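K.L.:
fold the following and give me the result.
(chains A, B and C)
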Amino acid sequence: MGIPQEAYKAMEDIVGSQYITDDQVIAQAYVGRLGHGKDTGIDLEMNVPPAVIVLPRTTKEVQGILKIAHRYKINYVPASSFWISHCAPKRPNSIVLDLKRMNDLEIDEENMCAICGPGVIFSQLQEEAIKRGMYTTTPGGGSQVSVVANHINWGLSPLNYRNGVPGRRVLGGEWVLPDGELLRIGSMSTSDDPFWGEGPGPDLRGLLRGWIGWFGAMGVVTKLAVKLLPFHDEGLKPVGISPHTTLQFPEKKRIRWYNFVMPTRESLVECMYDIGKAEIAAALTKVPQQWRYIAKAGCREDFWEGWNTNEARKSINNIHICRVMLVGYASEEQLEYEERVLMDIMDSYGAKLGRTRQSDNSWIKNADSATMWMMTGAYTSVQVTVDTVDCGVKGGEGLAREKPAFTPPLMDDYGEPGWFQVSEIGHMGYIEFLQYWDPNPNQENLYKKDEWNYIKVPTLDAEWGMFNAFNMYASPMNLTGKAYGPECRKWFEKVKAEFDPDKISNDPIPWDVDEYVDKVDWVNKEDYINRDWSKG
Amino acid sequence: MKDNYDINNYTYDMDRCIGCKGCVWVDHVYMPGVRYGVKCPSNAYKLFDGYAPMGREKIGKALLEGRIDYTPEYLDVMYMCQLCGACDAGCKRNLDLEPLSVLESLRVKAVKDGKGPMPAHKKVAQNIAEKGNRYGAAEKRSGWITKDTKISDKADMVYFPGCSASYVEKGIAQATGKILNKAGINFMTLGDKDTCCGHPVATSGMLDEAKAIARKNIDILKATGATTLVTSCAECYNTWKVIYPKMLSKNFADMGYQVIHLVEVVSKLVNEGKFTFSKPMNIRAAYHDPCRMARQGEPWVEWEGTRGQWGILTPKKEYRRGTFGVYQQPRDILNKIQGLDLVEMPRMKENAFCCGAGGGVMDAYPDFAMWAATERLTEVQSVAAEAVISACPYCKKVFNEASKANNMNIKAYDITEIILACM
Amino acid sequence: MDLKNELQKIVGAGNVLDSPEILEEYSTDNGIYPPGMPTVVVKAGKSEDVAKVINLANKNSTPVIPVSSGVHFQGCTIPYQGGIVLDLSNLNKILEIDPPNRRVRIEPGVTWGQITDELAKENIRVISPLLPHADRSVITDYLEREAPVVPKYEFAEPLMTYEIVWPNGEVFRTGSASVPGYPDSPAKGTNPAGPGLDFYRLPQGAQGTMGVINWANLKLEYLPKINKIFFMPFEDINAAIEPIYKIPRVHIGQEFFLLNHVDLALILAKQWPDDYDRLSDILPSWTLILTISGPPRRPEERIEYEKEALFDLKKQYFQDMPILEALPGVPGGGRELIHMLRKPWPKEEVYWKNRLSGACQSLFFIARPEDAPSFYEKVVDEAPKYGYPLEDLGVYLQPIEQSRVCHLEFNMFYDPDDPIEREKIRIMNRELAQDLLDMGAIFTRPYGDLADMVYEKATSYTTALKRVKKMFDPNNIMNPGRLCF
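P.N.:
This is a model prediction of the structure:
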């Protein structure tokens, strides 16, 4: 056993023998190799099996486990859906807190929020929300990810169009600090009701999450109220048999998708601004070309037959798809009004309305992020920026110019400048730049996918003045943590030193990439460590 | 010739699992909420990820790479699973990996390595070898046949009742015979040569023994001259349609026989107006999709080829994704019965929660099987149904046992019995 | 060290003020709390000054009290431990107006009066709280989490990013403004989150205890040209609750709030005091006010469907509720409110909250709208015990984010020159707050006397907050004596 017997026994007393194991067969199931970041360097080379896996049920149990870990100085990794490579044990003799049993879900219909345990996933919450005429933002991470974990770590998708960055959707809750002490945030600080998130006074939600979050390196959030947003009340009917399952839109004109082919990329960007300013729509996104080919393909081989063509190559600069969702929140008349405004805007750009299926299997309840791995077996996004739409597009175009130097091992996507979309009704734009590669280790220069992901893209973003959330965790703190703020890394260090001085909460996050690149021979750290970023 | 049960053929599938848990969650489009959100019985029962298909794949890979060795816990991980295939349909919604083949092949490897199967499985295999039935019963297999059942000496269709309907749930075999009689369909049986399909042997990983049974049964069928085999058991159905050709590395289409479940026969007639129900049945019931006929009901399609860059397969593979299983036919039948209020459970069709009995679990882990059946019965209760109807005798048996043990007052029926009662 | 001399080196002699008259001016505000004398007042002339002043103060452990607005009501700028009042009112530049990205970047001294007129030239606006004082700092209002009077936006918060001087003197930019090279960068600072941590949350509701803002980016929205206003009168607050929940959920309307007759009369009265006396008599006990406005494209059609949706809701849920386009007995029917709501309170007139008695103590908190009636009843039960006349109690309910919660405000008017009345209001404010806190009122920005009671109750939060404060302000120089520091 990798941890003291008495520590194990103490945890067993807390959760019961059924919910704790140190069996090393079971431990293999918790050795990384999954989710976003799979097959990148930290996933391939930093994962170790945990010594113990424990399945707590309550906040009190989590507190007890963290206090034991604190007493015995044992590293622990809290995770709900294990959908990111930062949430796999990277230190020997760690405890994994698998939070799936903490799946209490309570919907506060009047005040439009859901009080969630970390074991609740998005499709479960969305089911309950839609039943009540509301919705949550199913994120790009997928329907299978934890509502709590995703709200405090990521939380973006086309459904952000109206509600914006996820930091705004976190309300009150319970947060067990790294040493096991309970911190009640928002309205829970002075009551038992988590319906509001602010204060009192300075808002400690600012420590809890950020751009992006701690990935378990700052204790465990055991209960969180998250906002639900008003939707139409006609419901959405699931139809079909796997893999062709979808949510059928109601006959009443309360929700509709529209796909437009725009004449140029510039007109695609301009129309997004116009739609935002007109304050219409419920989702607004560009459709990257690869995704169109995925949608048409019956299998991976079909995709490649389509993609390995001149038509596909030319499509990057010739076909610009703008996908818009309208919702008649108030009535069918609202949707009809928004449709007229949308057509005014699109006509002014010479856009052509294409055929569009009036159903959804991509964003509302099922966001099949897993499909991203279908093309090549490996995928990550190096998100470029969340700022204005224009900024995002420029960043994507810039990276598209740089990517050929890393292709292969990256898949050739013919200069696709990324997937961009709008949030906060046009106040913000958001882009993800997509990378696919073959993870087969028997390739030359496979390390270049890590160089691109961990070093090149973050460096370019900082040089160009782009704001990239992924970079804060998918790059060395010595690079982006130095460049942004500036020196936001110092605050990470201070917060960590204050609340987790022994570094037992998911060490070495968020310094795992620093630790990884320290060991490889293809990075010249001096290039960025000694750099003066103050001039941009 | 490719060995479809060689785990080395699935290392790509194990390694490329990304942990999305499509193998565990109900299809998100159909996700009913927190309760009933998990479709994998073993991961609902044992909550550690090691008991989820994605975890089993990682554990299996660790074994292949020598990072772990066989232990009692390893065998529990691999055998505490109904092989219900919910994972397979879930994975193929997005990624087209082969989790069910991985799980089956890891059992085969355990047997080849001298570690598997579990003692209870060995006993069942012994029963089959010695008595031709899984129970080790000494009685004649044809004991289900009643005087008023007309069985032809020679027919194009063979009814293959399977062990359960021959010895335990005889009413199902009897109902099947009478339904076929009413429909005017001539059928025969395998007579003295009727024996176990070998499903328990195959699922426990005893590949050599299972292949021997398959070859023998196929020869017996061929000798009858019949081209169609009708079953009333989802396991037998699957064995003949999927496991035999898979073990023998052949397309089902090349096996030289057709396999059909009684519900397929009846639904066709019902939809054509050639089979009608004259008696009502006032009951509110839920239909339980038996795994091996529903999401695992598609015929085996043999593939042999290579995997190249980006994981591209040459030639293309035709996937069995569970799309074309037997889902609608039983519903079509039940919807035609007057007074029968058919309701859907939250987990249905390809997302149905297994009854708990399959994959050798009832033999080796009866407590787990009962737990799974009880869990499923709570789902029946959740839609205010008083009865559950399946199309497999093993489902019926375990449901009735669980209902009785837990005083749930839910009656489990086989669909053949319902048809018989209402025709 | 000669503090004055050092400060003069930074901002110039003319901007360091310590005459008794000036110090006295900064020793108090328009509220109930007693005065406290600063040591010196420093007027920052440029944002670089701020970091230098704070750096100096930090080295000497001298308190710094940042002051941006020309008007304060809650005592949070009164220096109770001496030190430097850092007056930011001269940092009043509108640095950028960026209509394509619907963003404005301003300094902390920019007031509602200033920004509203400037933006109106381009038919845009920053959504404001209800009739703010013209001299209030825009940044201060949203740093202090005032509730916007338009609850329709799901993203709610108008504040996006800012540059802050931390109490240790370091300058830091938040969110997407944290990119190297800002503002000459493609990132324009529209994303509040990060970098890494959500730093922008920490100075919110902090009353200047977490640092000083040099500038901030705020959201711009269109300034509607075509508008309609509807008044929904109620005699019982309970009847207003369902419409408060239902109306904004269907994405209709702009400004939307509930006032009692006292607050509404204070706002609508033209001739003082006659109009007030008359209006407070004839106005309904409660009025729910909703504006419907047309956006730049197809404005009339938008107003039409929103109006239809409003009347559909009435038909479905609250048939007995009148929806009036004009308030009976009010000159012009009260329709001028549409225009009033898009501007701060006129500078030349006594601020609406001060009209009745010269000063107002606002007791406000966050609540579920459904709980508002019980909070109101509690105040009605308790106020007479302090001799406060119920006919002078102002009540304002501001739905937030489509009514997921509301800002509930009780306005208690008093004569600021009467020390006994002032003390009486202070006691009433404190004791009522305790009662309401016990009932579940959420005081997210506890001012003055409320801080102790709230932080005492928020045990775990207080402990963590103190640890955070110590990280950012090890010498506790920023506005000491506030909150729990």
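K.L.:
ok, and for stretch B:269-277, which residues are buried?
P.N.:
Within stretch B:269-277, the residues scored as buried using 16 or more other C-beta atoms under 10 Å in any protein chain shown are B:269, B:270, B:275, B:277. C-betas here are computed from N, CA, C, even on glycine.
K.L.:
distance between that stretch and the chain's centre?
P.N.:
Distance of stretch B:269-277 from its chain centroid, counting by C-alpha atoms, centre = their mean, to the nearest Å, is 27 Å.
K.L.:
what's the answer for stretch A:297-304, then?
P.N.:
Using C-alpha atoms, centre = their mean, the offset of stretch A:297-304 from its chain centre is 26 Å.
K.L.:
same deal with stretch C:17-28?
P.N.:
25 Å.
K.L.:
let's verify the closest residue to residue A:188 other than its chain neighbours: helix, strand, or coil?
P.N.:
Of all residues not flanking residue A:188 in the chain, residue A:172 sits nearest, at 4.1 Å (C-beta to C-beta, 6 or more residues apart in numbering or on different chains). Counting by DSSP: H, G, I helix; E, B strand; the rest coil, the backbone at residue A:172 sits in strand.
K.L.:
now do the helices in the stretch 101-250 of chain B.
P.N.:
B:119-131, B:162-163, B:170-183, B:199-203, B:207-224, B:234-238, B:244-247 (DSSP state H, counting those that start in this stretch).
K.L.:
could you dump the buried residues of stretch B:269-277 into TSV and include pLDDT, secondary structure and distance to residue B:317?
P.N.:
Output for the buried residues of stretch B:269-277, formatted as TSV (pLDDT from 0 to 100; DSSP: H, G, I helix; E, B strand; the rest coil; distance: C-beta to C-beta, whole Å):
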residue	pLDDT	secondary structure	distance to residue B:317
B:269	97	helix	35
B:270	97	helix	35
B:275	96	coil	38
B:277	97	coil	42
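K.L.:
let me know the closest of those residues to residue C:225.
P.N.:
residue B:270 (65.7 Å; C-beta to C-beta).
K.L.:
name the nearest residue to residue 230, sequence neighbours excluded.
P.N.:
You didn't say which chain, so I picked chain A. Nearest to residue A:230 is residue C:249, by C-beta to C-beta, 6+ apart, at 4.5 Å.
K.L.:
I was thinking of chain C, sorry if that wasn't clear
P.N.:
Nearest non-adjacent residue to residue C:230, counting by C-beta to C-beta, 6+ apart: residue C:290, 4.7 Å away.
K.L.:
please apply the same query to residue B:164.
P.N.:
Closest residue in space to residue B:164, ignoring its immediate chain neighbours: residue B:393 at 3.7 Å, by C-beta to C-beta, 6+ apart.
K.L.:
so what's that neighbour up against?
P.N.:
Residue B:393 is in contact with B:162, B:164, B:165, B:168, B:169, B:172, B:232, B:233, B:414, counting by C-beta atoms under 8 Å, 6 or more residues apart in numbering or on different chains.
K.L.:
check residue B:30 too.
P.N.:
A:238, A:245, B:348, B:351 are the contacts of residue B:30 under C-beta under 8 Å, 6+ apart.
K.L.:
report the contact partners of the closest residue to residue C:416 other than its chain neighbours.
P.N.:
Sequence neighbours aside, residue C:359 is the residue nearest to residue C:416 in space, at 3.8 Å (criterion: C-beta to C-beta, 6+ apart). Residue C:359 makes contacts with C:30, C:31, C:32, C:413, C:414, C:415, C:416, C:422, as judged by C-beta under 8 Å, 6+ apart.
K.L.:
which of these fall within strands?
P.N.:
If you go by DSSP state E, these have C:413, C:414 in strands.
K.L.:
which one (most neighbours) among the contacts of residue C:359?
P.N.:
Sorting these by how many neighbours each has (other C-beta atoms under 10 Å in any protein chain shown) puts residue C:32 first, at 26 neighbours.
K.L.:
circling back: as CSV, the buried residues of stretch B:269-277 with distance to residue A:316 would be great.
P.N.:
CSV is the format used below for the buried residues of stretch B:269-277 (distance: C-beta to C-beta, whole Å):
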residue, distance to residue A:316
B:269, 55
B:270, 53
B:275, 57
B:277, 60
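K.L.:
is chain A within reach of stretch C:443-452?
P.N.:
Yes: for stretch C:443-452, a contact with chain A is found by C-beta under 8 Å from any C-beta of the partner chain, at C:443, C:444, C:445, C:446, C:451.
K.L.:
before we move on, back to that, tell me the two of the contacts of residue B:30 that are most distant?
P.N.:
A:245 and B:348 (11.8 Å).
K.L.:
any idea how the chain splits into domains?
P.N.:
No chain specified, so I'll use chain A. Using automatic domain parsing, the domains assigned to chain A come out as A:5-101, A:105-230, A:248-464, A:475-535.
K.L.:
not quite, I wanted chain C
P.N.:
C:3-87, C:94-222, C:226-439.
K.L.:
give me whichever of these is most buried.
P.N.:
domain C:94-222 (a mean of 23; mean count of other C-beta atoms under 10 Å in any protein chain shown).
K.L.:
my understanding was that residue C:424 contacts residue C:383; is that so?
P.N.:
No: in this structure, residue C:424 is not within contact of residue C:383 by C-beta atoms under 8 Å, at 11.1 Å.
K.L.:
any idea which helix or strand in chain C has the lowest mean pLDDT?
P.N.:
strand C:196-197 (a mean of 90; mean pLDDT, DSSP states H and E).
K.L.:
and residue B:119, how many neighbours?
P.N.:
Count around residue B:119 with other C-beta under 10 Å applied: 8.
K.L.:
what sits against the closest residue to it other than its chain neighbours?
P.N.:
Among residues not flanking residue B:119 along the chain, residue B:364 sits closest, at 7.7 Å (C-beta to C-beta, 6+ apart). The contact partners of residue B:364, by C-beta under 8 Å, 6+ apart, come to B:79, B:80, B:117, B:118, B:119, B:120, B:121.
K.L.:
Provide a list of residues in contact with the last one.
P.N.:
Taking C-beta under 8 Å, 6+ apart, we find residue B:121 in contact with B:79, B:200, B:204, B:206, B:360, B:363, B:364.
K.L.:
now the closest residue to chain B within the stretch 351-485 of chain C: how far from chain A?
P.N.:
In the stretch 351-485 of chain C, the residue that lies nearest chain B is residue C:404 (21.9 Å; C-beta to the nearest C-beta). Noted for residue C:404: a distance of 4 Å to chain A, by C-beta to the nearest C-beta, to the nearest Å.
K.L.:
surely that residue meets residue A:113?
P.N.:
Yes: with contact defined as C-beta under 8 Å, residue C:404 counts as touching residue A:113 (6.6 Å).
K.L.:
now do the shared contacts for these two.
P.N.:
The contact lists of residue C:404 and residue A:113 share A:195, A:227, where a contact means C-beta under 8 Å, 6+ apart.
K.L.:
which SS class is the closest residue to residue C:288 other than its chain neighbours?
P.N.:
In space, not counting the residues next to it along the chain, residue C:288 is nearest to residue C:232; the distance is 4.0 Å by C-beta to C-beta, 6+ apart. With three-state DSSP as the basis, residue C:232 sits in strand.
K.L.:
quick check: phi and psi at residue B:287.
P.N.:
phi -90, psi 130 (degrees, to the nearest 10).
K.L.:
in three-state terms, label residue C:24 for me.
P.N.:
Residue C:24 - assigned by three-state DSSP - is helix.
K.L.:
check contacts around it.
P.N.:
C:35, C:37.
K.L.:
tell me how far it lies from chain A.
P.N.:
Distance of residue C:24 to chain A, computed by C-beta to the nearest C-beta: 28 Å.
K.L.:
with residue C:455 instead?
P.N.:
Distance from residue C:455 to chain A, by C-beta to the nearest C-beta: 7 Å.
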